[in-house]
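1. what shape does this take:
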Amino acid sequence: MSYQLEVVRFRDLVEVLSIPRFVPGVTPPAIEIKGEDFRSVERISINDQNAPDFIVINQKTIYVQIPSSIERIQNIEVLSSKFTRSTKASKLSYEVGPKTRKVDGILKLMQLFIKWLLQTPGSDIFNPERGGGLLALIGSMGTGKGVDSVIGAVSRSVETTVSQMRSSQINVVGLPLSEQLLAAAVTDFDIFERQMEVRVKILLSSMAGEEAVTALEL
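-> Numbers count the residues shown, from 1 in each chain. So this is what the prediction gives:
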């Protein structure tokens with residue numbers, strides 16, 4: 001079995017069920033959050049800012065310190081240290097982090113797929129045709145293109161990447177089934193025009209029958 005250094009980090013998005021109150025008698029201010037399972041929480045962001053500190057009270061309750069610059073809470077994101085294999089999604093980031101980690105199986109496959117999906121054809125002199133070209137699309141998404149046009153462009157990038165990866169893996173000897181791509185498809189798509197942001201969920205399947213979902217913010 002071969003391993004690869006983790007450079008694309010996938011982390012579960014833990015569902016937040018409610019924010020019932022401010023935690024009484026606590027300075028700096030903190031809020032109480034209720035959710036499904038906070039036992040593996042790694043990071044919490046409020047209005048896209050990392051919370052300075054948090055305490056897991058029990059499986060379904062967590063206290064989170066509010067960043068000092070925030071006056072009004074607009075959104076909260078709770079990230080687990082786990083990699084999702086569910087129908088929800090994982091959020092990804094490009095980082096090696098203070099502790100390096102080796103990946104294999106479907107996580108290695110997903111990492112490779114995302115790298116190829118974002119790659120612009122021509123950027124690799126040794127493989128000039130490789131890449132789904134999604135990175136090059138990002139700058140053009142806020143230029144007045146219609147929703148159907150953007151969805152079509154992203155879907156074509158995914159289809160191109162699937163075709164390229166499957167072709168490249170045909171003659172690879174000894175590649176585990178969990179690292180061989182069967183299919184990938186866009187399962188959810190949202191456009192936020194005011195933020196000039198596109199959010200895409202992609203479902204990936206391996207030849208071993210495993211599935212994983214990742215969420216991309218472009």
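
2. quick one, what contacts A136?
-> T120 (C-beta atoms under 8 Å, 6 or more residues apart in numbering). Where you see a C-beta, it was placed from the backbone N, CA and C, and this is true even at glycine.

3. and it, how far from L79?
-> 28 Å (C-beta to C-beta, to the nearest Å).

4. three-state assignment of the most far-flung residue of the chain relative to its centre?
-> Going by C-alpha atoms, centre = their mean, the residue of the chain most distant from its centre is G25, 36.0 Å out. Following DSSP: H, G, I helix; E, B strand; the rest coil, the label given to G25 is coil.

5. do you know how far it is from D48?
-> Taking C-beta to C-beta, one finds G25 at 28 Å from D48.

6. tell me which strands the top strand by length along the chain pairs with, and in which orientation.
-> Ranked by residue count under DSSP state E, the longest strand found in the chain is strand 181-192. Sheet pairing of strand 181-192 (DSSP bridges) gives strand 197-206 (antiparallel).

7. C-alpha coordinates for the partner strand, PDB please?
-> Output of strand 197-206 as PDB, limited to C-alpha atoms (Å, rounded to 0.1, in the frame of the first residue of the first chain):
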ATOM      1  CA  GLU A 197     -19.100  33.000  -4.300                       C
ATOM      2  CA  VAL A 198     -20.000  29.600  -5.600                       C
ATOM      3  CA  ARG A 199     -20.400  26.500  -3.400                       C
ATOM      4  CA  VAL A 200     -20.300  23.100  -4.900                       C
ATOM      5  CA  LYS A 201     -20.600  19.600  -3.400                       C
ATOM      6  CA  ILE A 202     -19.000  16.700  -5.300                       C
ATOM      7  CA  LEU A 203     -19.700  13.100  -4.700                       C
ATOM      8  CA  LEU A 204     -16.800  10.800  -5.500                       C
ATOM      9  CA  SER A 205     -16.900   7.000  -5.800                       C
ATOM     10  CA  SER A 206     -14.000   4.500  -5.800                       C
END
